[in-house]
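Trainee: Provided below are the primary sequence and the corresponding predicted coordinates.
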Amino acid sequence: MHAVAALTAAGAALVLGAATAMAQGPQGQAPQGQTVYVRAGRLIDPASGRVSENVGLLIRDGRIVSVGVATPPPGAKVVDLSRETVLPGLIDVHVHLTFNAEDAGPKALTISIPRQAIDGVHNARKTLMAGFTTVRNVGASHFTDVALRDAITAGEVDGPRMQVSGPPIGATGGHADENLLPEEFNYESDGVANGPWEARAKVRRNFKYGADLIKFMATGGVLSHGDSVGGQQLSQEEMDAIVTEAHLWGRKVAVHAHGTDGIKAAIRAGADSIEHCSFIDDEGIALAKARGTYLDFDIYNDDYIMAEGPKVGIEPASLAKEHLVGQTQRDNFTKAVRAGAKMAFATDAGVYPHGDNARQFHYMVKYGMTPMQAIRAATTSGADLMGLQGRVGCVSVGCYADLVAVPTDPLKQVEVLEHVDFVMKGGVVYKGAAGETP
Ligand code: ARG
């Protein structure tokens with residue numbers, strides 16, 4: 001277990017190591033060698049839960065080098081956020097940057113792979129501007145996510161730091177497959193695998209083409225055609241094979257699972273996170289707690305699907321499935337919070353429009369978290385799940401200088417996070433540099 005954790009962290013270091021070099025932003029404020037001084041009116045440190053007033057942060061080469069510096073050193077570029085509340089850049093551990101909410105149902109078939117890659121460029125920027133400086137992209141077609149991650153790392157595209165899964169692995173006819181075409185088209189999605197060895201081969205193939213982690217589909221889904229949302233779609237041995245293989249590589253596994261049995265099978269297999277968790281029962285929550293498995297509930301989605309689904313082409317059968325999932329998932333979120341399970345901020349952006357990620361904070365607080373817990377889910381916990389603790393989602397020495405700021409206190413009203421007015425990633429200001437003095 002420890003060896004796996006260590007390897008995972010090493011893998012992640014490789015992935016994000018390159019991100020330090022990308023500190024040169026498109027706005028040309030190359031901070032390499034330059035010192036930036038951020039004056040924060042109020043600073044929220046989610047790791048300790050401490051809130052401090054009038055804090056000076058020193059940033060060099062894209063990282064925080066000191067906290068609590070009273071005055072800017074000579075020659076430093078000053079960013080004045082003295083009227084703002086500053087917190088670490090936010091983390092969403094479940095997004096699909098290469099998919100658009102408006103391309104739902106059969107329309108999705110008309111969106112080519114190259115077009116998905118271009119959509120990803122657009123959506124990466126929206127996500128960054130919304131204050132999400134790190135994301136885990138869990139599901140994309142044909143490695144469009146790898147291309148996007150690499151373009152962002154190279155500084156060619158504005159976007160969050162990304163870990164990506166490549167195509168999700170799943171059974172024929174299941175949530176990972178494409179079920180809208182009749183048999184004569186003879187098409188299956190690139191993540192389809194049946195049996196433990198086929199599944200292991202897909203894990204290896206995904207790593208070969210650049211994935212950081214594995215995503216697999218343990219149960220049916222809402223937006224997939226022709227399956228039952230709660231039904232288990234992979235056997236225990238298939239799940240065991242996928243997780244064992246991924247962990248051999250020192251990488252993590254995220255599992256799509258709505259159904260009670262599929263959730264438990266995935267936790268028993270050793271998955272690192274369960275996504276959706278809709279019909280989780282008490283035993284499932286207890287199992288997750290015992291194994292340290294993250295439970296990632298995307299509890300904003302229901303609003304968008306129910307309100308906009310019919311307009312954007314979501315099938316009536318999917319709307320009926322969403323009807324089964326919506327409130328139950330929110331109630332089970334409350335149970336998981338009360339039980340003290342590990343939980344990260346995960347929204348499934350791409351099902352709803354990118355950039356609206358922070359709308360989920362409202363629901364996380366409404367259904368049982370304190371604002372500080374919700375912020376921690378989107379910082380400390382997201383970083384821990386991604387194996388990036390001490391590098392992202394934090395505001396201490398050594399962390400990347402990924403910061404957001406809001407005009408009022410999110411601990412009093414968490415919804416203010418829907419409107420961040422300042423975004424810095426790796427020491428580069430992407431949004432709201434107003435008030436800075438050269
Ligand atoms: N991608 C997910 C699926 O198709 C979306 C589920 C959305 N619904 C929800 N209540 N979270 O299954």
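Mentor: Now that the structure is in, tell me what you want to look at.
Trainee: Let's verify the most centrally placed residue in the chain: helix, strand, or coil?
Mentor: Nearest residue to the geometric centre of the chain (C-alpha atoms, centre = their mean): V93, 1.9 Å. Following DSSP: H, G, I helix; E, B strand; the rest coil, V93 is assigned to strand.
Trainee: residues from this structure in reach of the ligand?
Mentor: Proximity of the chain to the ligand (C-beta under 6 Å from any ligand atom) is limited to residues 221-223, 276, 298, 301-302, 305, 322, 325-326, 329, 348, 351. The C-beta positions use only the backbone N, C-alpha and C, and glycine is treated the same way.
Trainee: Sort out for me which of the residues you listed are in helices.
Mentor: Under the assignment DSSP state H, those contribute N301, D302, I305, E322, V325, G326, Q329 to helices.
Trainee: right, and the second one touches L324 too?
Mentor: No - with contact defined as C-beta atoms under 8 Å, D302 and L324 do not form a contacting pair (10.8 Å).
Trainee: What is the most widely separated pair among the ones in helices among the residues of the chain next to the ligand?
Mentor: Maximum pairwise distance among those (C-beta to C-beta): 11.6 Å, between I305 and Q329.
Trainee: And these two? Which one has more around it.
Mentor: I305 (26 against 22; other C-beta atoms under 10 Å).
Trainee: now what about whatever helix or strand L319 lives in, what contacts it?
Mentor: Using DSSP states H and E, L319 sits in helix 316-339. Around helix 316-339, the neighbours that count as contacts under C-beta atoms under 8 Å, 6 or more residues apart in numbering are 105, 221-226, 228-230, 258, 276-280, 282, 285-286, 288-289, 295, 297-299, 302, 305-306, 309-310, 314, 343, 363-364, 367-369, 373.
Trainee: what about burial for those residues, which qualify?
Mentor: 105, 221-225, 229-230, 258, 276-280, 285, 288-289, 295, 297-299, 302, 305, 309, 314, 343, 363-364, 367-369, 373 (16 or more other C-beta atoms under 10 Å).
Trainee: now, which of those residues lie within strands?
Mentor: Among these, DSSP state E puts H276, L295 in strands.
Trainee: in the chain, what spans have low per-residue confidence?
Mentor: Scanning the chain for pLDDT under 70 picks out 1-32, 433-438.
Trainee: Helices along the stretch 301-438 of the chain, start to end?
Mentor: 301-312, 316-339, 360-366, 371-376, 382-385 (DSSP state H, counting those that start in this stretch).
Trainee: Point out the most buried one among these.
Mentor: Of all the helices of the stretch 301-438 of the chain, helix 382-385 has the most neighbours on average by mean count of other C-beta atoms under 10 Å, namely a mean of 25.
Trainee: Which strands and helices lie in contact with it?
Mentor: strand 90-95, strand 132-137 (3 or more C-beta pairs under 8 Å, 6 or more residues apart in numbering; DSSP states H and E).
Trainee: switch the cut-off to 7 Å
Mentor: strand 90-95 (3 or more C-beta pairs under 7 Å, 6 or more residues apart in numbering; DSSP states H and E).
Trainee: And the strand it packs on, what does it pack against?
Mentor: strand 132-137, helix 382-385.
Trainee: And the contacts of stretch 102-111?
Mentor: Applying C-beta atoms under 7 Å, 6 or more residues apart in numbering, the contact partners of stretch 102-111 are L180, L223, V312, G313, I314, E315.
Trainee: Taking the residues you listed together, which two end up most distant?
Mentor: L180 and V312 (15.5 Å).
Trainee: From the residues of the chain next to the ligand, pick the one nearest T133.
Mentor: D348 (18.8 Å).
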